[in-house]
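Engineer: Got a predicted structure plus its sequence, pasted below:
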Amino acid sequence: MTVSTNSAQVGSRPAALVIGGGIAGIQAALDIAEAGFQVYLVERSPSLGGRMSQLDKTFPTLDCSACILTPKMVDAGRHPNIRLMTYSEVVRVEGSEGQFRAQIRVKPRYVDVDKCRGCGLCAEACRLAGRVSSDFNAGLSKRAAVYVPFPQAVPLVYTVDPEECVYLTRGVCGKTFKCKDACDAGAINFDQKEELVEVEVGTVVVATGFDLFDPRRKPELGYGTYPQVITTLEFERLASASGPTAGRIALNGKLPQSVVFIQCVGSRDNSVGIPYCSRVCCMAVAKQAHLAHDRLPGAQVSVFYMDIRAFGKGFEEFYDRVRHEGVVYRRGNPSEVIRSGDRLLVRAEDTLLGERVEVEADLVVLAVGMAPRADAAVVREILNLKQDPNGFFLEDHPKLRTMESGIPGIFLAGCCQGPKDIPDTVAHAKAAASAAMILLAQAEKVTEKAHAAN
Amino acid sequence: MAFVPRVGVYICHCGINIAGTVEVKKVAEYAASLPGVAVAREYTYMCSDPGQELIGEDIRQLNLNRVVVASCSPRMHEPTFRAAVARAGLNPYCFEMANIREQCSWVHPAGREATEKAMQLVAAAVSKAVRLEPLEQREVSTIPAALVIGGGIAGLQSALDMASAGFPVALVERAQALGGHMADLQRTFPTLESAPELLNSVIERVRSQPLIRVLLGAQVKEISGFVGNFKAKVEVAGKVEELAVGSIVVATGFETFDARRKPELGYGTYPQVITTAEFEKLAEKGLEVNGKRPQSVVFIQCVGSRDQVVERPYCSRVCCMVTAKQARTVREKLPEAKVSVFYMDVRAFGKGFEEFYDETRKSGVLYRRGNPSEILRQGDRVLVRAEDTLLGERVEVEADLVVLAVGMQPRADSASLAGMLKLARSADGFLMEAHPKLRPVDTAMAGIFLAGCCQAPKDIAESIAQARAAAGTAMIPLMRGKVQVEAATSFVDPELCAGCGQCAQVCAFGALSLHPFRPIMTVNAVLCQGCGACATACPSGAINVKHFTLDQVMAQVETLSEFRPLAEKAEAVEVAA
Amino acid sequence: MLQIEANPIVQAQELLGCIQCGKCTAGCPMAIKTKLNPRTLILRLITAPDGFDLEGRDELWDCTTCATCSSRCPKLVNPMETIIRLRSAFVEQGRVHPNVKTALESTFRQGNPLTMPREDRAAWASGLDLRPMQAGVEYLYFVGCTPSYDPRVQKVTRSLVGLMKKGGVDFGILGVEENCCASEVRRLGETGLFEMMVEENQEKFHAAGVKRMFTTSPHCFNVFRNDYPKGSGIEVRHYTQVLAEAIEKKNLEFSGRFEKKVTYHDPCYLGRHNGIFDEPRAVLTGIPGVKLVEMDRSRQKSLCCEGGGGRMWLEGTNPGVRLAQMRIKEAMDTGAEVLATACPFCLLTLEEAAKQLNVEDRLRVMDIAEIAAEAL
């Protein structure tokens, strides 16, 4: 284990640490870097991109998510002021505003980042090719033990999954390393070790994102029992051009004739201890319903809801559009999903008709709520952050300082502080960056004065 | 030595977005056959790292001097590819894009015609590329100062951030006091804290920040200049002052919908019908109507929002929570009164909002789903007529006080404001941001940023976040001290120019003026935005826009009209034989 | 069983725009006393899995087409038009009330729904020395069926003719050539007959060289202005617009006075359907002596008299207080002595209601034309 120290002052300029490489982290890092300060952008997965990279199209403009995200990813990857540390985790942060010391664990990819060209031959050759569940594709497809999460990954460097790789888990992988043999750049290196890097920074921006509600906690909806019941994230991957079905919304090769979306699964639900609203799902479902209607001509698409929260710019107009296109909205929170032959039956009350209804479906999509990350507690401890009653990081003041953590010098950006859509996340991240920039500019003045005084 | 073009052409698949409709392989093959093309490739995602590397490698190894990428709209990735090209040592203006996605694969069905159209577009791009000239990328220094237009909570917060970073800020507010609409509030949701206390804490900080110069009763009359170097004429107390700033943040706020436009609701006719805005003041004074304590209070949501009859199709975002807050206030102050809220959807989406809505219902506020049709007089009370859509029955509720949740709308002067700043407005009339997802505070005018409700309805927390975001983004060029300016500007051929001045008349940016001593026009390359209006207006053809010269554009037009797909060419040969 | 396909109506009426807010049912005057619920009708159409059964849905005939629903729908859905389309399904099967059947047949045969002989249509004009309409005459005065045949409304027609002459308005009539405008035919859902009559009428107007017209009834006014094909280029006005103009230009002056407190009932087809609220009031206030007071339910909130939508022929099919009676009470609450209106259907239903309530001695129901004529 090597420990290297990186002075935060590059030419005596103070630096920032951004934890999390999703759109929030990327935006905050870019802003701070553009202002002229050094940024350490730390992302635990092998690539930047976060949740936004898993989306197909975004509401209400129906922009292709990857198209608007990848330029920012590439910018962040290449920015002279950003030191990108992917497949890395922050393990300790000490100090105070203006002078934090952070220890970052750079996990071994077992692939030399300077040699890997992202050609993919190793993955093709891997003994486990097509056998490892792909997290990025929400478990809907398989990959090899050596992988990039998605084709536009930044950096486009392969990573060996230490929990799946036969060699790393069992000590031996047949007679030869198939991956090493396939790689003509000699980039595979099983001798890599974890590195600990210490950096000194003036400010920290937390942008660690969110997880999704596990719909298995509502067994009456059949997720995990019926293959036709999926989550909105899984739908997103099915609909995505770079997904497991290249954008074809099909289950086992069959195109659904009736698609039913169910809102508020794991939100606004005290029976699972989640009272809050996840904010984005009404619009996400409207978008997905539009895609379903678009890609499955003749299919019946319905949405069961309690309230439609189409509150943002262009949102109500998008909701109008989607209804006009033929998506049927029914007010009622379904109680259960049961089997009906080889189809499913969604049982709800249409509260506006005042009648119970049973809708047959070939595909049921659950709008699962946003939840704090499973490892939020770890991040919280490292930074001594407070959490709100729902487990998201607590802001210093709910109106005036939603991007401040209460700890001077540590800022919050994006969904780690609470559910948000992309525009609100970007604004929030930029706000956090602004706060960070101010600190760094002030710290710089102090340093300059100190130097001048000498 | 004559210029020998060596063009690299790159056809992007964009996943299946292009490749699913256009046969990219054929397009690449076709491109390779074009004169001047040294290499033609196709790749899945040109904008990705390896895609950009492909270009860089070829520039270095194959000595390319011009590059064409056929992919999405230049609005998407022109800067990306220009940067990629520059990194490899080639002038970024020696790069041209062919839009075969938005202008081809996304609007046509898959087939031969789509592929041929893509070929056409690529051929035209190549024709232009071989005629492109390198252009100098210039930087100008920025004035380390900022202007904030509007002294509401958004403007206040923006000013604070920029001043904290060390930049002098002029905060221009047309009213005689700071605070905007927030100054009219009693309490805020969801914490029910005192709004004046929150606001005053911010105003205090502004007042004690020496770098912020507050101008009350002031109005911006004119803005000229360009990013990093704006001149603003501000009128205060009859005198006009000129300010020089590097960045401008627009935080001019909103107006409320005039409920008189819905006469069936009786606002302006019945004294018992008021708006949510008026409720705040009434609550302060003691919630009496005609000297009596109301026994029945009815709130009506979505008055002037989600309503195409009055041309307000959008949602005003905050009213569901404002109503819940006000309904709670009534329950506190008038415990004996019945309180109901008529709604269509309850949009309690933010942090703590759903819980607040839960508490509001528990406190005794009755939520009824239905959009009332009209309000009638009933003695000295009024009658609200609605359908409770969940009961499926019409209801008539007698009320002593009816509060209409009026929507937010763009300020009446937003058209003239937008004109003054050359900003675009969205379909709903609010000022338009540069990109709705990824650029919520930028505008199409470099150096001018948006904060708060002038861009779209939002609550206090969101206004502050956006204001800080705008400040941060506005500060970037100021912190760097310099900013790049448009290189593709217009230029005058002195041989052809007659000095007639037609160009100056159509220039929206004041970039053209008569030469001090020669009878010709000159272009201020820093003010010029490269829009091309002058080039079209010039009767002598003396003005051209760099990177879009007549030569270059006509070459594209000719290529497009002379295009023949390869198959046809083969046939032609056979026939001739 | 009267099963119809829901989808064509859903598509044609863009019903998917509906968010079920309930404003339509909330303001529907007939929902007060009948089963009619426009909102649930729309929801049933949207969610109908295998078509829609009209059997038993007699409430569809309760709609007066007052447009309260359509004029206020925030998503610009038109429940009123949807109901009319559903009526067509009944009509196609011949399943209409006998009164309606009679009225439709009469319209077809005699050119009016009142079963009156065609040749008597111009009887009211005898002795009035009116010009037949021809090219060169500025206005066609389109009289309408009820104003031609109904003795009570003939008084309005004669008053109007006197006013127009006095005001120097150049007009002609079609006499026995005049045919029903077919407005109520359309509201009853008889699209076939409606289209036939539109063609006939357009030919007649063309042959008579009609360029501008004014009507007695707001129903005729509305159908010519909005439902007839636009290409004819004929400018359509209501008589109150012509009178208001004449008064303003001082072409029509009053030598007498009408010293009464008057309140004005906005007819649905003049007010809510076409936004004409001010001209009738301008005529009234232009009459010396008139003290105009407003009911609470005025202008856009005016309460339908229950005469429209074909309901003139469906009297008594639904129980409950007639809306016209509620209206009489509202008028009396203002202290007015005269309830003025500008529509023959309103006139008849309101007068009938005043009779039933026994208040004819306290509240006189008059058409604006009659009031003006008295002050001439």
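Structural biologist: Thanks, I have the structure now. Just so you know, these numbers come straight off a predicted model, no measurement behind them.
Engineer: need the contact list for the closest residue to chain C within the stretch 351-500 of chain B.
Structural biologist: Using Cβ to the nearest Cβ, the closest approach of the stretch 351-500 of chain B to chain C is made by B:Ser373 at 2.7 Å. To be clear about C-beta, it is placed using only N, CA and C from the backbone, and glycine gets the same treatment. Residues near B:Ser373 by Cβ atoms under 8 Å, 6 or more residues apart in numbering or on different chains: B:264, B:385-387, C:23-24, C:26-28, C:68, C:72.
Engineer: Tell me which residues of stretch A:163-170 come out buried.
Structural biologist: Buried residues in stretch A:163-170, counted by 16 or more other Cβ atoms under 10 Å in any protein chain shown: A:164-168.
Engineer: how many neighbours does A:Phe311 have?
Structural biologist: Residues contacting A:Phe311 under the criterion other Cβ atoms under 10 Å in any protein chain shown number 25.
Engineer: contacting residues for the closest residue to A:Arg44 other than its chain neighbours?
Structural biologist: Of all residues not flanking A:Arg44 in the chain, A:Glu89 sits nearest, at 5.0 Å (Cβ to Cβ, 6 or more residues apart in numbering or on different chains). When contacts are counted by Cβ under 8 Å, 6+ apart, A:Glu89 touches A:42, A:44, A:104-105, A:107.
Engineer: Setting aside sequence neighbours, what's the nearest residue to the residue of the stretch 351-500 of chain B closest to chain C?
Structural biologist: In space, B:Ser373 comes closest to C:Gly27 once its chain neighbours are excluded; the distance is 2.7 Å by Cβ to Cβ, 6+ apart.
Engineer: Just to check, C:Ala375 is in contact with C:Ile287?
Structural biologist: Yes - using Cβ atoms under 8 Å, C:Ala375 is in contact with C:Ile287, at 4.8 Å.
Engineer: what's the overlap in contacts for the two?
Structural biologist: C:254, C:257-258.
Engineer: Let's see the PyMOL selection covering just the buried ones among those residues.
Structural biologist: In PyMOL, this line selects whichever of these come out buried by 16+ other Cβ under 10 Å:
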select buried, chain C and resi 254+258
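Engineer: Which helix or which strand is home to B:Lys25?
Structural biologist: helix B:24-32 (DSSP states H and E).
Engineer: Please export the C-alpha coordinates of that helix as PDB.
Structural biologist: Output in PDB follows, covering the C-alpha atoms of helix B:24-32 (Å, rounded to 0.1, in the frame of the first residue of the first chain):
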ATOM      1  CA  VAL B  24     -23.400   4.700 -42.200                       C
ATOM      2  CA  LYS B  25     -21.000   2.300 -43.800                       C
ATOM      3  CA  LYS B  26     -22.200   3.300 -47.200                       C
ATOM      4  CA  VAL B  27     -22.000   7.000 -46.300                       C
ATOM      5  CA  ALA B  28     -18.400   6.500 -45.200                       C
ATOM      6  CA  GLU B  29     -17.500   4.700 -48.400                       C
ATOM      7  CA  TYR B  30     -19.100   7.500 -50.400                       C
ATOM      8  CA  ALA B  31     -17.300  10.100 -48.400                       C
ATOM      9  CA  ALA B  32     -14.000   8.400 -49.100                       C
END
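Engineer: Not counting its own residues, what contacts the helix or strand following it?
Structural biologist: Using DSSP H and E, the helix or strand that follows helix B:24-32 in sequence is strand B:37-43. For strand B:37-43, the external contacting residues (Cβ under 8 Å, 6+ apart) are B:6-13, B:24-25, B:27-29, B:31-32, B:50-51, B:54, B:58, B:62-64, B:126.
Engineer: Who are the packing partners of the helix holding B:Lys25?
Structural biologist: Applying 3 or more Cβ pairs under 8 Å, 6 or more residues apart in numbering or on different chains; DSSP states H and E, one finds that helix B:24-32 makes contact with strand B:7-12, strand B:37-43, strand B:66-71, helix B:112-129.
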